[in-house]
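> this one's sequence-less:
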């Protein structure tokens, strides 16, 4: 069984589309867990009929994903964002790929949802960078075997860069990721709202600062 774990916060506008795409997976026996971080909208009300478990925790993707993992029944944990769209057969592709691999963790390629030509360049750079570095981002739907997750003690309780941090530890503990070319559709709303260039520069600057040792709490304030 795959346990699909989705951290959410005020995602009423998008969560129904995300969860509807996962219903064929539930019919095949996969488990869908939503962990709400204290939404002020009706995210929980919309999500509850479409998931196997709807949980609440304090806000923060790392905390929420750890909460979901603790409640999961599957031997494979798959973490996706609340605004990510997934084709209904992706679980089959994932289990087949892992069956034929010795890898313990991995991620998908990503496609940004917008139509702007600049977004095609950005998504390609994201996928290439990940393949070269062996570092995955949350938009790419990080997955791992349950025993691997437990061996590295899950996500670090930091407010930003939790995906980069766990990728580093996974590389050390379990080797490089399985990089699947199948694409998840990640929301491009931040790029569209704040501008492609300014958002890209912000992301690069935050990541560089993290690599240089800046406190993730300081980076989270800049990100917000």
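Nice, I can see it. Model, not experiment: these values are computed from the prediction.

> you'd agree residue 180 is in a strand?
Yes: looking at residue 180 with DSSP: H, G, I helix; E, B strand; the rest coil, it is inside a strand.

> quick one, phi psi at the residue lying closest to it once chain neighbours are set aside?
Excluding the flanking residues, the one nearest residue 180 by CB to CB, 6 or more residues apart in numbering is residue 108, at 4.8 Å. In short, each C-beta sits where N, CA and C put it, glycine included. Backbone torsions of residue 108, given as degrees, to the nearest 10, read phi -100, psi 160.

> count of neighbours near residue 108?
Residues lying near residue 108 (other CB atoms under 10 Å) number 29.

> who touches it in this structure?
Counting by CB atoms under 8 Å, 6 or more residues apart in numbering, residue 108 touches 90, 140, 141, 180, 181, 182, 183, 184.

> repeat that for residue 184.
With CB under 8 Å, 6+ apart, residue 184 has these contacts: 80, 84, 85, 86, 90, 108, 109, 110, 111, 139, 140, 141.

> part of a helix, is it?
No: according to three-state DSSP, residue 184 belongs to no helix; its state is strand.

> now it: how far from residue 153?
26 Å (CB to CB, to the nearest Å).

> do the same with residue 138
For residue 138 relative to residue 153 (CB to CB), the value is 18 Å.

> closest one of the contacts of residue 108 to residue 207?
Using CB to CB, residue 140 comes nearest to residue 207 of those, at 14.5 Å.

> before we move on, what SS does the closest residue to the closest one other than its chain neighbours have?
Nearest non-adjacent residue to residue 140, counting by CB to CB, 6+ apart: residue 107, 3.9 Å away. Here residue 107 is recorded as strand under three-state DSSP.

> returning to what we had before: can I get the buried part of the contacts of residue 108 as one PyMOL selection?
Here is the PyMOL command that selects the buried residues among those (16 or more other CB atoms under 10 Å):
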select buried, resi 90+140+141+180+183+184
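
> and the contacts of residue 108, which is closest to residue 203?
residue 140 (13.9 Å).

> rewinding a little: take the contacts of residue 184 and keep only those in strands.
Using DSSP state E, the members of the contacts of residue 184 that fall in strands are 108, 109, 110, 111.
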